[in-house]
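> Structure of the sequence below:
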Amino acid sequence: MNAAITPLAYDVARVRADFPILATTVRGKRLAFLDTAASAQRPLAVIEAVNRYERSSHANVHRGVYELSQKATDAFEGARERVRRFLNAASIKEIVFTRGTTESINLVAQSWGRRLGPGDEILITWMEHHANIVPWQMLCERTGAVLKVAPIDERGELDLDAFRALLSPRTKLAAFTQVSNALGTVLPIRAMIDAARAVGALTLVDGAQAVAHERIDVRALGCDFYVFSSHKLYGPTGLGVLWAREAVLRDMPSWQGGGDMILTVSFAKTTYNELPYRFEAGTPHISGAVGLAAAIDYLEALGIDRVHAHEQALLMRGTSALLAIPGLRIIGEAKEKTSVISFTLEGVHPHDLGTILDDEGVAVRTGHHCAMPVMEFFDVPATARASFGCYTDEADIDQLVRALGRAREVFG
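The predicted structure is shown next:
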């Protein structure tokens, strides 16, 4: 956190007016939605873009010569180009649409991972979401490769020296999150990418918790794969993106078979489509892509840097307010954090805490956040997690603090 960051000229009241769901009440109380890390709410611009597509443009893509199909194809491929610009990718050939971050990682594991064998190594970190652990475990079980894990410390920061020490010529891939969903820690991914490249390893960055909070330039990062989900970025659920360097993607075998990933099919042989389509079997989530493009337009119109500054100011305010509550422990106090505060309250199980907060109109996530190794490291069964977005305001923080006071009263 940087105390010099201030949300200059950021009109959060106007932003909140763009999100119809924020007018909702919960048990007669104002909704304080603090679960954006799980799934961000959608602005009206996204809702209307999807609605317009469904009302006036829907047809299957890439397959019809009639006007409506061409219109749908233009919208879908226009969304691909919008994502390319958003990531500063070199070509639309590098943009593969998937069902989400999880499927994007599985695609890499199931396709690129086929080349691995006994003695090869994959390096991840202790902070990973299950989606960046389990696919690599499954791959190692099949191939005989070895999964290694870089440790973290009590502040929830990566031990970068240990990460570097675990790299070797046997390391074929380093896969790591850009921002921890359970802790909010921002990892030093540029240094990690450079270190992995120095031993000849490829790198995969899980950007699910980063894309809505900071500018992403995949060419400047120098990674080989970058993955994220639409619904973390104020877009629809059920859609994700795999970006991969064209040279890497071109060398990967097709993953799923079916329609649209082929050029010709006979019982003797199938020839596959060009990039990126040979990784997109079946009818895609067309309206989801349209919604994602609208979400990117919306976020960039707000200004990602301004949103980031606003969220960092809230993070400082929220951290200070929660630390003042007796018995409250923040889990993860890294120097570099963004948009997430995970915590426990003495004498109250996080699930009970979440129920009390809900009674007060406050929506937080409770549980292990699909990061059970993190919970194990901090020796807690679960945490409550408050997470922020472009629409979060100071009133949300104040409402959370009051609700936590209510929880302390209930549980003595």
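> remind me which residues of this structure are low pLDDT?
Applying pLDDT under 70 to the chain flags residues 1-8.
> what domains does the record give for it?
Taking automatic domain parsing as the domain assignment, the ranges for the chain are 12-43+303-410, 47-300.
> In JSON lines: these, plus mean neighbour count.
Quick note: C-beta positions are derived from backbone N, CA and C, even for glycine. Formatted as JSON lines, the domains of the chain follow (neighbours: other Cβ atoms under 10 Å):
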{"stretch": "domain 12-43+303-410", "mean neighbour count": "19"}
{"stretch": "domain 47-300", "mean neighbour count": "19"}
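> The chain: helices as residue ranges?
Ranges of helices within the chain are 12-17, 44-56, 67-87, 101-110, 134-143, 160-166, 189-198, 218-221, 246-250, 286-302, 304-323, 350-359, 372-378, 394-410, based on DSSP state H.
> and residue 119, which of these is closest to it?
helix 134-143 (9.9 Å; Cβ to Cβ).
> any residues touching the closest one, and which ones?
105-106, 108-110, 113-114, 116-118, 120, 122, 124, 145-147, 175 (Cβ atoms under 8 Å, 6 or more residues apart in numbering).
> measure residue 206 to residue 382 for me?
Distance of residue 206 to residue 382, given as Cβ to Cβ, to the nearest Å: 22 Å.
> I misspoke; the intended subject was residue 238.
From residue 238 to residue 382 the distance is 27 Å (Cβ to Cβ).
> For the residue lying closest to residue 25 once chain neighbours are set aside, give me its contacts.
Spatial nearest neighbour of residue 25, excluding adjacent residues (Cβ to Cβ, 6 or more residues apart in numbering): residue 31 at 6.3 Å. Applying Cβ under 8 Å, 6+ apart to residue 31 gives the contacts 21-22, 24-25, 361, 363.
> Would you tell me which one of these comes nearest to residue 179?
Using Cβ to Cβ, residue 363 comes nearest to residue 179 of those, at 20.4 Å.
> Report the separation between the nearest residue to residue 340 once chain neighbours are set aside and residue 342.
Closest residue to residue 340 apart from its sequence neighbours, by Cβ to Cβ, 6+ apart: residue 184 at 3.1 Å. Distance of residue 184 to residue 342, computed by Cβ to Cβ: 7 Å.
> Identify the contacts common to these two.
Both residue 184 and residue 342 are contacted by residue 332, under the criterion Cβ under 8 Å, 6+ apart.
> There's contact between residue 374 and residue 183 in this structure, I believe.
Yes - with contact defined as Cβ atoms under 8 Å, residue 374 reaches residue 183; the gap is 6.6 Å.
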